[in-house]
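K.L.:
Need the 3D shape of this:
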Amino acid sequence: MSSDELNAVNKHLRKIARRALNPLGGVESKRALVDEYAAAHPSILEVNAEVTPVLFDKFQGEWVSADTSDPDRRILYIHGGSWMAGRVEKYRPHIARIAAATSSVVLAIDYRLAPENPFPRGLEDCVTAYKWMCRNGPKNKNAASSLFIMGDSAGGNLSLATLLVLKDRQINMPDAAVALSPATDMSWSSPSIKKNAKSDVALNAKLMPMVSYGYLQKKVDPKTPYASPLFGDLEGLPPVLLQVGDTEILLDDAVGFVEKAKAAGVDATLEVYPDMPHVFQAFAPYLPDANQALQRIGEFIKRQSIGNIEQISNSED
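P.N.:
Residues are numbered from 1 along each chain as shown. Predicted coordinates:
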């Protein structure tokens, strides 16, 4: 695909990628860059949603609701940012569009970040938030009719890792999960890490080991399943939808996970978008392919919700 919108987004991302190579400023400068990631056009930053703050013991979050949101259809959204950056406040426009596309309420959390809070603290926050969401809505303390987990990039990693934790701890699983451009292999050994090193305008393949160091701090094997879900036992996971652009260094992280999930009997769907950059969905409504991807996410979530309601009705009969 070639368009003025895509060219503008890529130009914006190349500028951010160049600034990420600057060794000065430390972790705070990198966090500032992630805050700017989606700011390629003013329309992307518009928010049309109701926001309700939520306080947890060690972190905070917020409910984001659109006009069409069903308060009993709930999504836990886990933002990206290399496990060391990202804020719900800056993700709010994207999360509001997720709420609208899926007709759901979205619980977005500011989980604890590395390097101050290394693995597995952020992951534990995701599990805590999911368990809380099961029995709490934006207005009332009540059980949900359907539950989902979704995240992008590092948040996609945490979303899939959360599924593995829930399975191992025998906690009720969500009805489905969605991961956008997820990192599933922190050994950075998938073929596209090298193959797409030049085509990826957002992520620098040479910086990935530094990302691992900040999160795992050489205390954890990068192939530990909770750090790299690709190496986990995927049998018994709920349906999953993964979306990724074919220019990304993380392309094969998504491909490999879906292939392994299908082999384990999981209902897994992979959608690869030509020419799209890392987490391109965040550039809606400006980028046409982002709008298409959000529509597909909405269809997936609603389809799984209907299936869950039918299953509950049959069990009651």
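
K.L.:
so where's the stretch 101-250 of the chain shaky on pLDDT?
P.N.:
Judged against pLDDT under 70, the stretch 101-250 of the chain has no low-scoring part.

K.L.:
hey, which strand is longest across this structure?
P.N.:
Counting residues, the longest strand found in the chain (DSSP state E) is strand 70-78.

K.L.:
what packs against that strand?
P.N.:
On a contact count with 3 or more Cβ pairs under 8 Å, 6 or more residues apart in numbering; DSSP states H and E, strand 70-78 meets helix 88-102, strand 104-110, helix 121-135, strand 146-152, helix 154-168, helix 288-316. Where C-beta positions appear, they are placed from N, C-alpha and C, glycine not excepted.

K.L.:
Just the CA trace of it, in CSV.
P.N.:
Extracted in CSV, the C-alpha atoms of strand 70-78 (Å, rounded to 0.1, in the frame of the first residue of the first chain):
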residue,chain,number,x,y,z
ASP,A,70,-21.7,-2.6,27.2
PRO,A,71,-20.5,-2.3,30.8
ASP,A,72,-20.6,-6.1,31.1
ARG,A,73,-18.4,-6.7,28.1
ARG,A,74,-15.0,-5.9,29.4
ILE,A,75,-11.5,-5.7,28.0
LEU,A,76,-8.3,-5.4,29.9
TYR,A,77,-5.9,-3.3,27.7
ILE,A,78,-2.2,-3.5,28.3
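
K.L.:
how far out from the middle of the chain is that strand?
P.N.:
In terms of Cα atoms, centre = their mean, to the nearest Å, the centre of strand 70-78 is found 14 Å from the chain centre.

K.L.:
got it, and stretch 183-199?
P.N.:
Using Cα atoms, centre = their mean, the offset of stretch 183-199 from its chain centre is 18 Å.

K.L.:
contacting residues around that stretch?
P.N.:
Contacting residues not belonging to stretch 183-199 are listed as 153-154, 156-157, 160, 205, 208-209, 212, 215-216, 222-223, 227-231, 247-257 [Cβ atoms under 8 Å, 6 or more residues apart in numbering].

K.L.:
how much space between the closest residue to residue 111 other than its chain neighbours and residue 291?
P.N.:
Nearest residue to residue 111, sequence neighbours excluded (Cβ to Cβ, 6 or more residues apart in numbering): residue 125, at 3.8 Å. As judged by Cβ to Cβ, to the nearest Å, residue 125 and residue 291 stand 31 Å apart.
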